[in-house]
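S.K.: output the structure for:
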Amino acid sequence: MGREQWKKIWVGSAGNMVEWFDWFVYATFAVYFADAFFPEGNETANLMNTMGIFAVGFFMRPVGGWLLGRIGDRKGRKAALTLTVTLMSASAILIAIAPTYDVAGYGGVAVLMLARLLQGLSVGGEYAASATYLTEASAPEKRGFASSFQYVSMTAGQLVGLGLQIVLQRNMSDAALHSWGWRIPFAVGALGALIVFYLRRSMLETEVYAGSGAAEQEDRGTLKVLWQHRREAFLVMALTMGGTVAYYTYTTYLTKFLSRSAGMDKSTASLVSFCALFVFMCIQPLAGMLSDRIGRRPLLITFAVGSTFLTVPIMTMLKHADTFWPALGLALLALVVVTGYTSINACVKAELFPTGIRALGVGLSYAVANALFGGTAEYVALWFKNAGAESGFYWYVAGCAAVSLVVYLSMRETRDIDLNRVAAAGQQLGQQRPAGATSVTPAS
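M.R.: Residues are numbered from 1 along each chain as shown. Predicted coordinates for the structure are as follows:
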């Protein structure tokens, strides 16, 4: 992999890290600011309300996937990536200065809601733009490896958030964190986003996009063209379902699950998550490299089988793992299984679409699935807990993985697809395919 390709991966990944730091830090610090925006009462109910707002951000992701995916296909990947980080910086600033319930009543909730809507818009576009950019910027035989850095950077952003949480927990009192300390990570996120904005202004466009002729297509990045590739769009949604639920279960929800269900103190629960996520981050490129050798489907199938049959026993044992080492071992087992999905899902989705519709096709399809399943995962988990049937959530996660398993078993391999050939075929189909005809999923 050449120097220019590494530069593209670095700039794309650095921005993705900041985007996801800002996104995940809301979830990791929710236990500290949940009571600040609502009247005193049931602590679990307040956390549910706060995570409900977290879920609202996910429902803006389809809008972001559509709007910024369209921009990515019509104006280029660079333009979309620069805009996403601008929106994320604005949202982080809003949360950092949001007034509490004691100061402005439900006015603080309104500010929080606006910020989450902006974050949802931003992240909805970021996933598509970064997945497309990292896939297109790499050599054909290295696409799995290169695209794995999307989840490396996503996890790095979460690790920085968790690391900051651990530092603050060890250097500030619990009362100070609940009072004002939770604002610190949002201020840090806003500063990081401004730095990345500067980096992305000088980033290079991918050769696949620049040389594809997509920029000259009048109907590029439109819903009309996406409808011609609706089979691929529905495939993306179906293969995302199990992966996104499992990912959010063992990442953003894990700390809260260990502290509230297993009875572990917050600092130890955060340390378990930090250590597990660090290992998880390190193995993403290894799994991506493996997919370049043996294909994408074997990894996806391994994930789905493991998640279907291991989720219930892992979560059941985690609930009784109230010390560091048992909890870490179980969390690592779960995240190794999830790696079969996370390491390659970006390139698999990007490989399904032609260049002129790739950003929109990946972004909108993925965002819809994430809104329905990823964004609601924590809320569903807390709903089951509040209803006194917490184990029901374990079966829900396993069931979602089982649905995706059916898709993985029936889909075709995408490893050897030539992105430039698919681009040319997509242009021909866009010109010749009669209205209402169904597109053909590319063969391996």
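
S.K.: how far away is residue 275 from residue 403?
M.R.: Shown here: residue 275 relative to residue 403, a distance of 31 Å by C-beta to C-beta, to the nearest Å. C-beta: built from backbone N, CA, C; applies to glycine.

S.K.: hmm, I typed the wrong one, I wanted residue 241.
M.R.: When distances are taken as C-beta to C-beta, residue 241 and residue 403 turn out to be 6 Å apart.

S.K.: the two: who's more crowded?
M.R.: Remark: of residue 241 and residue 403, residue 241 carries more neighbours, 21 against 16, as counted by other C-beta atoms under 10 Å.

S.K.: is it true that that one touches residue 370?
M.R.: No: under the criterion of C-beta atoms under 8 Å, residue 241 is not in contact with residue 370, lying 9.4 Å apart.

S.K.: so what's residue 250 up against?
M.R.: Taking C-beta atoms under 8 Å, 6 or more residues apart in numbering, we find residue 250 in contact with 276, 331, 334, 335, 338.

S.K.: count the neighbours of the last one for me.
M.R.: Residues within reach of residue 338, counting by other C-beta under 10 Å, total 23.

S.K.: same check on the third one?
M.R.: When neighbours are defined as other C-beta under 10 Å, residue 334 has 25 of them.

S.K.: secondary structure element for it?
M.R.: With secondary structure defined by DSSP states H and E, residue 334 is part of helix 324-342.

S.K.: what's the weakest-modelled helix or strand in this structure?
M.R.: Among the secondary structure pieces of the chain, namely its helices and strands, helix 419-432 has the lowest mean (mean pLDDT, DSSP states H and E), a mean of 52.

S.K.: what helix or strand is residue 276 on?
M.R.: For residue 276, the element it lies in under DSSP H and E is helix 266-294.

S.K.: where does pLDDT dip in the chain?
M.R.: Counting by pLDDT under 70, the ranges of the chain that qualify are 1-2, 41-46, 48, 51, 212-217, 421-444.

S.K.: which parts of the stretch 101-250 of the chain are helices?
M.R.: Counting by DSSP state H, counting those that start in this stretch, one finds helices in the stretch 101-250 of the chain at the ranges 101-104, 107-136, 143-147, 149-171, 174-179, 184-201, 207-210, 223-228, 230-250.

S.K.: any chance of the ones you listed in TSV with distance to residue 9 as columns?
M.R.: Below are these laid out as TSV (distance: least, C-beta to C-beta, whole Å):
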stretch	distance to residue 9
helix 101-104	43
helix 107-136	6
helix 143-147	6
helix 149-171	6
helix 174-179	36
helix 184-201	13
helix 207-210	14
helix 223-228	27
helix 230-250	21
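
S.K.: give the contact list for the nearest residue in space to residue 221 that is not next to it in sequence.
M.R.: Counting by C-beta to C-beta, 6 or more residues apart in numbering, residue 221 lies nearest to residue 73, which is 3.0 Å off, once chain neighbours are set aside. By C-beta under 8 Å, 6+ apart, residue 73 lies in contact with 214, 220, 221, 356, 357, 358, 359, 360.

S.K.: please pick the buried ones from those residues.
M.R.: 214, 220, 221, 356, 357, 358, 359, 360 (16 or more other C-beta atoms under 10 Å).

S.K.: just checking, which of the residues you listed belong to strands?
M.R.: Within the buried ones among the contacts of residue 73, membership in strands is found for no residue, as judged by DSSP state E.

S.K.: the residue nearest to residue 281 when sequence neighbours are not counted: neighbour count?
M.R.: Residue nearest to residue 281 in three dimensions, not counting chain neighbours: residue 155, with 4.0 Å by C-beta to C-beta, 6+ apart. For residue 155, the neighbour count with other C-beta under 10 Å is 24.

S.K.: can you check residue 259 too?
M.R.: Neighbouring residues of residue 259 were enumerated by other C-beta under 10 Å; the total is 18.

S.K.: tell me which element it falls in.
M.R.: helix 254-260.

S.K.: helices or strands up against that helix?
M.R.: The helices and strands touching helix 254-260, judged by 3 or more C-beta pairs under 8 Å, 6 or more residues apart in numbering; DSSP states H and E, are helix 30-33, helix 266-294, helix 297-319, helix 377-386.

S.K.: so which of the ones you listed is nearest residue 185?
M.R.: Nearest to residue 185 among these is helix 30-33; the distance by C-beta to C-beta comes to 10.0 Å.

S.K.: which residues touch the closest one?
M.R.: Residues contacting helix 30-33 (C-beta under 8 Å, 6+ apart): 47, 50, 51, 54, 177, 178, 181, 182, 255, 256, 259, 266.

S.K.: contacting residues for the residue nearest to residue 311 when sequence neighbours are not counted?
M.R.: Once its chain neighbours are removed from consideration, residue 311 has its nearest residue in residue 398; the separation is 4.2 Å (C-beta to C-beta, 6+ apart). Shown in contact with residue 398 (C-beta under 8 Å, 6+ apart): 307, 308, 309, 311, 312.

S.K.: in which helix or strand does residue 398 reside?
M.R.: With DSSP H and E as the criterion, the answer for residue 398 is helix 391-410.

S.K.: tell me the angle of that helix relative to helix 324-342?
M.R.: Counting by axes from the mean of the first three to the mean of the last three C-alpha atoms, to 10 degrees, helix 391-410 lies at 30 degrees to helix 324-342.

S.K.: in helix 391-410, which of the residues would be classed as buried?
M.R.: When burial is assessed from 16+ other C-beta under 10 Å, helix 391-410 yields the following buried residues: 393-394, 396-398, 400-405, 407-408.

S.K.: just to revisit the earlier point, and of the buried ones among the contacts of residue 73, the nearest to residue 12?
M.R.: Proximity of the buried ones among the contacts of residue 73 to residue 12, judged by C-beta to C-beta, is greatest for residue 359, which lies at 13.0 Å.

S.K.: can you get me a residue count around the nearest residue to that closest one once chain neighbours are set aside?
M.R.: Of all residues beyond its chain neighbours, the one nearest residue 359 is residue 72 (3.3 Å), with distances taken as C-beta to C-beta, 6+ apart. Applying other C-beta under 10 Å, we find 31 residues neighbouring residue 72.

S.K.: residues contacting residue 72?
M.R.: With contacts defined as C-beta under 8 Å, 6+ apart, the neighbours of residue 72 are 79, 80, 81, 125, 128, 129, 132, 221, 359, 360, 363.

S.K.: which SS class is it?
M.R.: Applying DSSP: H, G, I helix; E, B strand; the rest coil to residue 72 yields a three-state assignment of helix.

S.K.: residue 243 touches residue 343, doesn't it?
M.R.: No: counting by C-beta under 8 Å, no contact exists between residue 243 and residue 343, whose distance comes to 10.5 Å.
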